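Q: Sequence first, then the predicted structure:
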Amino acid sequence: MKKHWYVMMAAFLLIAETATAQKDHNQDRAINVDLRKTAGPLPAMLNACVGAGRAAEGLRADWQQQLAYVRKECGFRYIRMHGLLGDEMAVYTQDEKGNPQYNYMYIDVLFDFLHSIGMKPFVELGFMPSALASGPKTIFWWRGNVTPPRDYDKWEKLIQNLVAHFTERYGAEEVKCWYFEVWNEPNLDGFWAGSQADYFKLYTHAARGIKNVNPAYRVGGPGTAGAAWEPEMIDYCYQHKVPLDFISTHAYGVKQGYLDEFGRSGTVLDKNPASVSGDVLQSRAEIAASKMPGLELHYTEWSASYTPADPIHDSYHEAAYVLQKLKQVGNAANSMSYWVFTDIFEEPGPRFTPFHGGFGMLTIQGINKPVFYAYQFLHRLGSTELVNKDTSSWVCRDSSGNVQALVWDFTNTHPGDSVHNQRYYIRDLPSKAKGKLQLNIAGMAAGQYAVELYKVGYNSNDAYTSYLSMGSPAQLNRQQVELIKQQNNGAPVSRAIISVKENEAFTKTIDIRENDVFLINILKL
């Protein structure tokens, strides 16, 4: 598929930025901002949504505890997960005469919990209840059925009945704020046993069922892997007058296929600096050039790697990677849903080791990984972004006169195609110096400030390296878990009280190394 010229130009600019950064590998870097020069609101998409494995996991106490913690610390507003309609959730069966029988007791427990912590569901409608399925094909250890319905009218009635139930339980005004996404990655044979035409039929019936309850409810798709089927989806809905409120798709930053159900494939982090972000820019351009240019765009899954056994997810490199990609995307997407918030995730079955390259921001035992702190730092930024020419930072202010600077270096140190991530990121990987970083802030009011410095990097809020230093035990006892948590607890690495005089700029200089992430929090006293 051809990219629009302006998408190609954006990708070229990303490559140029990275090439310049690599050329100036050890040169000092300066960030110059002025509190009187604002760029507008900080993009709301940065922590709009996060992913989770499957709905049944959301009935676990430890899953719920971890989500409440991540919601509080990182501010995610929506959550998306697989398996809402699967047999584990006991949603659908039929009596001896073939009449549908609906049950939402398990879904109610899950959605009531989300509501209690101030989160909203990004509702993925899948997979197929076995009583409605046309075949036995399943995916994952927990056997989500991926076949089309044997009766599309019953599928539509199930969706309509479910959405009517949501309306009765939570109210129409609340459900208007939700998103309904039809299926997951139907362009992959593992996730959808039908054709593209079959998916469009599935979508049409689901959209009709939703809109029959309330035309204001939002429905979209196709939720594809690799930014596929977007123009086709828009064209189909436009030509057949099928409701479509948003486009959703997925992207990952490795150079192999898009489905590794059991985490057995080797992966290689893509050296292309426009990896992931280039897909998002292309998606936005395709929507803009379509018959429906005002559609929202949601990347409902994304991360460095698509496999649940990739040690980059545990590495300190992941924190800088995530920030770099979000910065490159800018306002091109309405949400970028990191896949996922926790290693309580059982697509390949329960995991047997504490650090196994799982997708999560937290381990099964609730240890914060470096990427958790990337999102926590994002959530601590003020709502107003300052004009800033630096391509690897945000500098913001809030209404109280406080200033926050989130600054990072992303350096892809991966040795290349001959070495898989599974061999590289399991190593102890000390970072190399990248020179000095100087932050200069003009326009600050005279007075006293507390300056807090937070850091993620090698051996700093780097739980995996702490785990390596223990000898990588196959199991962690309670004391070892607590020790790793204490060593990587997110506390500031320094705190000082400074005075700023009238018409004086604030300046701070930091030694920065490869893939360091810093949050500089400047509090008016």
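A: Received, thanks.
Q: which stretches of the chain have low pLDDT?
A: Residue ranges of the chain with pLDDT under 70: 1-26, 256-263.
Q: what about the spatially most central residue of the chain, distance to Asp279?
A: For the chain, the residue lying nearest the average C-alpha position, counting by CA atoms, centre = their mean, turns out to be Tyr338 (1.2 Å). Computed as CB to CB, to the nearest Å, the Tyr338 to Asp279 distance reads 15 Å. For glycine as for every other residue, the C-beta is placed from the backbone atoms N, C-alpha and C.
Q: do the same with Asn184
A: As for Asn184, its distance to Asp279 is 17 Å (criterion: CB to CB).
Q: Of the two, which one has the most company?
A: Under the criterion of other CB atoms under 10 Å, the comparison of Asn184 against Asp279 puts Asn184 first, with 28 against 23.
Q: dump the residue contacts of the more buried one.
A: Contacts of Asn184 were listed using CB atoms under 8 Å, 6 or more residues apart in numbering, and they are His82, Glu124, Gly126, Phe127, Phe191, Gly223.
Q: 7 Å - rerun?
A: Contact partners of Asn184, counting by CB atoms under 7 Å, 6 or more residues apart in numbering, are His82, Glu124, Gly126, Phe191, Gly223.
Q: Over to Tyr299?
A: Taking CB under 7 Å, 6+ apart, we find Tyr299 in contact with Thr249, His250, Ala251, Val280, Ala333, Ser335, Met336, Ser337.
Q: how does it look with 10 Å?
A: When the contact criterion is CB atoms under 10 Å, 6 or more residues apart in numbering, the partners of Tyr299 are 45, 49, 227, 247-251, 276, 279-280, 283, 329, 332-339.
Q: Looking at those residues, which are in helices?
A: Secondary structure defined by DSSP state H assigns Asp279, Val280, Ser283, Val329 of those to helices.
Q: which of the residues you listed lies closest to Ala207?
A: Comparing the ones in helices among the contacts of Tyr299 against Ala207 with CB to CB picks out Ser283 as the nearest, at 20.0 Å.
Q: from what I can see the closest one touches Glu230, true?
A: Yes - when contacts are counted by CB atoms under 10 Å, Ser283 is listed as touching Glu230 (5.8 Å).
Q: shared neighbours of the two, anything?
A: Counting by CB under 10 Å, 6+ apart, the residues touching both Ser283 and Glu230 are Ile247, Ser248, Thr249, Leu295, Leu297.
Q: can you list those in JSON lines and add neighbour count and distance to Gln438?
A: Conversion of these to JSON lines gives the following (neighbours: other CB atoms under 10 Å; distance: CB to CB, whole Å):
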{"residue": "Ile247", "neighbour count": "30", "distance to Gln438": "41"}
{"residue": "Ser248", "neighbour count": "29", "distance to Gln438": "41"}
{"residue": "Thr249", "neighbour count": "27", "distance to Gln438": "39"}
{"residue": "Leu295", "neighbour count": "23", "distance to Gln438": "42"}
{"residue": "Leu297", "neighbour count": "23", "distance to Gln438": "36"}
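Q: returning to what we had before: type out the PyMOL command that picks the buried ones from the ones in helices among the contacts of Tyr299.
A: For the buried members of those, the matching PyMOL selection, counting by 16 or more other CB atoms under 10 Å, is:
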select buried, resi 279+280+283+329
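Q: before we move on, back to that, and the shared contacts of Ser283 and Glu230, which is closest to Gly171?
A: Proximity of the shared contacts of Ser283 and Glu230 to Gly171 (CB to CB) peaks at Ser248, which lies at 24.6 Å.
Q: Which parts of stretch 318-336 count as buried, going by neighbours?
A: So, applying 16+ other CB under 10 Å, buried residues of stretch 318-336: 318-329, 332-336.
Q: what about the helices in the stretch 1-150 of the chain?
A: Taking DSSP state H, counting those that start in this stretch as the criterion, the stretch 1-150 of the chain carries its helices at 5-23, 61-74, 105-116.
Q: Ok, the stretch 201-350 of the chain next?
A: The residue ranges that make up the helices of the stretch 201-350 of the chain, judged by DSSP H, counting those that start in this stretch, are 230-240, 277-288, 317-329.
Q: angle of the longest one against helix 277-288?
A: So the one you mean is helix 317-329. Following axes from the mean of the first three to the mean of the last three CA atoms, to 10 degrees, one obtains 30 degrees for the angle between helix 317-329 and helix 277-288.
Q: Output helix 317-329 as CSV, nothing but the C-alphas.
A: In CSV, the C-alpha atoms belonging to helix 317-329 read as follows (Å, rounded to 0.1, in the frame of the first residue of the first chain):
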residue,chain,number,x,y,z
HIS,A,317,15.4,0.1,27.4
GLU,A,318,11.6,-0.2,27.2
ALA,A,319,11.0,2.9,29.2
ALA,A,320,12.9,5.2,26.8
TYR,A,321,11.5,3.3,23.8
VAL,A,322,7.9,4.0,24.9
LEU,A,323,8.5,7.6,25.5
GLN,A,324,10.3,8.0,22.1
LYS,A,325,7.5,6.5,20.2
LEU,A,326,4.8,8.5,22.0
LYS,A,327,6.7,11.7,21.3
GLN,A,328,7.0,10.8,17.6
VAL,A,329,3.2,10.1,17.4
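Q: chain center to that helix, what's the gap?
A: 11 Å (CA atoms, centre = their mean, to the nearest Å).
Q: What of the second one?
A: For helix 277-288, the separation from the chain centroid amounts to 17 Å (computed by CA atoms, centre = their mean).
Q: For that helix, name the packing helices and strands.
A: Based on contacts counted as 3 or more CB pairs under 10 Å, 6 or more residues apart in numbering; DSSP states H and E, the elements that helix 277-288 packs against are helix 5-23, helix 230-240, strand 246-252, strand 296-303, helix 317-329.
Q: And the shortest one, by the same measure?
A: Under the contact definition 3+ CB pairs under 10 Å, 6+ apart, helix 230-240 sits against helix 196-213, strand 218-224, strand 246-252, helix 277-288.
Q: could I get those as CSV with distance to Gly266?
A: Below are the helices and strands packed on helix 230-240 laid out as CSV (distance: least, CB to CB, whole Å):
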stretch, distance to Gly266
helix 196-213, 30
strand 218-224, 24
strand 246-252, 14
helix 277-288, 22
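Q: Looking at the ones you listed, which is nearest to Asn489?
A: Go through the helices and strands packed on helix 230-240 one by one with CB to CB and the one that ends up closest to Asn489 is strand 246-252, at 29.8 Å.
Q: Now Met81: closest residue in space, sequence neighbours ignored.
A: Of all residues not flanking Met81 in the chain, Ala52 sits nearest, at 4.1 Å (CB to CB, 6 or more residues apart in numbering).
Q: mind listing what that neighbour touches?
A: Ala52 is in contact with 58, 63, 66-67, 70, 79-83, 337, 339-342, 344-345, 359-360, counting by CB under 10 Å, 6+ apart.
Q: Ok, Glu452 next?
A: Taking CB under 10 Å, 6+ apart, one finds 380, 404, 491-496, 519-523 in contact with Glu452.
Q: make it 6 Å
A: Taking CB atoms under 6 Å, 6 or more residues apart in numbering as the criterion, Glu452 is in contact with Pro492, Arg495, Asn521.
Q: For Tyr152, state which of those is nearest.
A: When the contacts of Glu452 are compared against Tyr152 (criterion: CB to CB), the nearest one is Asn521, at 54.1 Å.
Q: roughly how far apart are that closest one and Phe377?
A: When CB to CB is the yardstick, Asn521 and Phe377 sit 9 Å from each other.
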